[in-house]
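S.K.: Sequence and predicted structure below; questions after.
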Amino acid sequence: KEIVVSGIRPTGDLHLGNYFGAMKNFIAMQETHECYFFIADYHSLTTHPTPSDLHGNVRRVLANYLAAGIDPEKATLYLQSDIPQTAELYLFLNMNAYLGELSRCTSFKEKARQQPNNVNAGLLTYPTLMAADIIIHKAKKVPVGKDQEQHLEMTRQFANRFNRMYNVDFFPEPQAFNFGEQLVKIPGLDGSGKMGKSEGEGNAIFFTDEPKEIQKKVMRALTDSGPTEPNQLKPVYIENLFTLLKVVSASDVVTKFEEDYNNCAIRYGDMKKQLAADIIAFTEPMRDRIKSILSDDAYIRKVVNMGREKAAASASQTVQEVRDIIGIKKF
Ligand code: TYM
């Protein structure tokens, strides 16, 4: 079976961007691939969460994964920090990662702008830690959203560099993956950019949002008085609403609003009502499952223990071999 790895940072509950960019693929791939899915708690330390926030968010993300349909019997579901071998591989990769390439990375530049008083070394080496996560299991496919594309490019670079340096054919080249072929970028509700936690209040819809909250967020999305000519090009904020409609609504619903738009007969109020109703129908069962999983500590513990054991077996094998290749040998 082909090996798959992907992770999500524990920043709180998952939003529709996480789901349609990544998680939806996780759920499909666990049926056919050898999957390792994890909670990237080391990565989240770059933003200095408080210890209680960190622990609470790891628990929440774990419950979100399970509620969305990850089956811990099929996929290996684990915490990044439960596999300290990752930290060792990260150290090795850092010896071959250069300041130039790391500081040119788009996500680094963005973060450095967002947190100018905390441009720490972990932020700079974020891509080498991510590469370690992926190649520690020798993954071939990495289901992620469009925003992770550059990180995957860097992962390939680091993996190939290691192979060349030691003249081995050890790490495979991992590829960013999405079943719909193109990587996905789910837009936010504020009319610009992507859906994300740090993108501002009201921009993201979380699995745990109450129906009223979802309605409010959707109804507040920017629209205008509508097209004035048939088949007019859509402004970005309208295109974004259609993108959201396409991922949560039935195709005949999308077709109807597309036709209305092209005939200048669209009523954005109706479209947003439909969008909100479909998002609510999609998230409602998830919300109930998250609640019940969060109240079951024994189950959470069982899942975490099971994942740790399976992930550690694969990771320690790789790191042992890497040590050997590098020349760190047992006496
Ligand atoms: P993170 O936690 O920001 O996001 C988790 C996953 O959700 C996807 N995603 C989106 N996809 C489409 N549209 C959006 N608006 C959207 N927002 C988020 C992300 O692309 C991602 O797939 N660096 C990673 C975590 C990570 C990782 C890894 C991923 C650490 N190590 C190894 C894969 C493999 C991150 O911060 O994702």
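M.R.: Right, received. Where do you want to start?

S.K.: Check what pLDDT residue 192 gets.
M.R.: pLDDT, residue 192: 68.

S.K.: same deal with residue 326?
M.R.: Per-residue confidence (pLDDT) for residue 326: 98.

S.K.: Report the contact partners of it.
M.R.: Residue 326 makes contacts with 92, 166, as judged by CB atoms under 8 Å, 6 or more residues apart in numbering. No exception for glycine: its C-beta is placed from N, CA and C like everyone else's.

S.K.: Now with 6 Å, please.
M.R.: If you count contacts by CB atoms under 6 Å, 6 or more residues apart in numbering, residue 326 has none.

S.K.: That one and the ligand, how far apart?
M.R.: Here the criterion is CB to the nearest ligand atom, to the nearest Å. By it, residue 326 lies 22 Å from the ligand.

S.K.: before we move on, what about residue 72?
M.R.: Look at residue 72 and the ligand: by CB to the nearest ligand atom, they are 18 Å apart.

S.K.: For the residue nearest to residue 207 when sequence neighbours are not counted, which three-state class applies?
M.R.: Closest residue to residue 207 apart from its sequence neighbours, by CB to CB, 6 or more residues apart in numbering: residue 286 at 4.7 Å. Three-state call for residue 286 (DSSP: H, G, I helix; E, B strand; the rest coil): helix.

S.K.: What's the local residue count around residue 286?
M.R.: Using other CB atoms under 10 Å, residue 286 has 20 neighbouring residues.

S.K.: doesn't residue 205 make contact with it?
M.R.: No. Assessed by CB atoms under 6 Å, residue 286 is found out of contact with residue 205, at 11.5 Å.

S.K.: Number of residues surrounding residue 85?
M.R.: Residues near residue 85, counting by other CB under 10 Å: 19.

S.K.: And for residue 160?
M.R.: By other CB under 10 Å, 12 other residues sit near residue 160.

S.K.: check which helix or strand covers it.
M.R.: Here residue 160 sits within helix 149-165, counting by DSSP states H and E.

S.K.: Does residue 13 touch residue 208 like I think?
M.R.: Yes. Using CB under 6 Å, residue 13 makes contact with residue 208 at a distance of 4.5 Å.

S.K.: pull the longest helix from the protein.
M.R.: helix 297-326 (DSSP state H).

S.K.: what's the nearest residue to the residue in the stretch 101-250 of the chain positioned nearest to the ligand if we skip its chain neighbours?
M.R.: Nearest residue of the stretch 101-250 of the chain to the ligand, counting by CB to the nearest ligand atom: residue 145, 2.1 Å away. In space, and not counting its chain neighbours, residue 145 is closest to residue 21: 2.8 Å by CB to CB, 6+ apart.

S.K.: and the one you found, how many residues sit next to it?
M.R.: As a burial measure, residue 21 scores 25 neighbours (other CB under 10 Å).

S.K.: One more: residue 329?
M.R.: Using other CB under 10 Å, residue 329 has 7 other residues around it.

S.K.: That one belongs to a strand?
M.R.: No. Under three-state DSSP, residue 329 sits outside any strand and is assigned coil.
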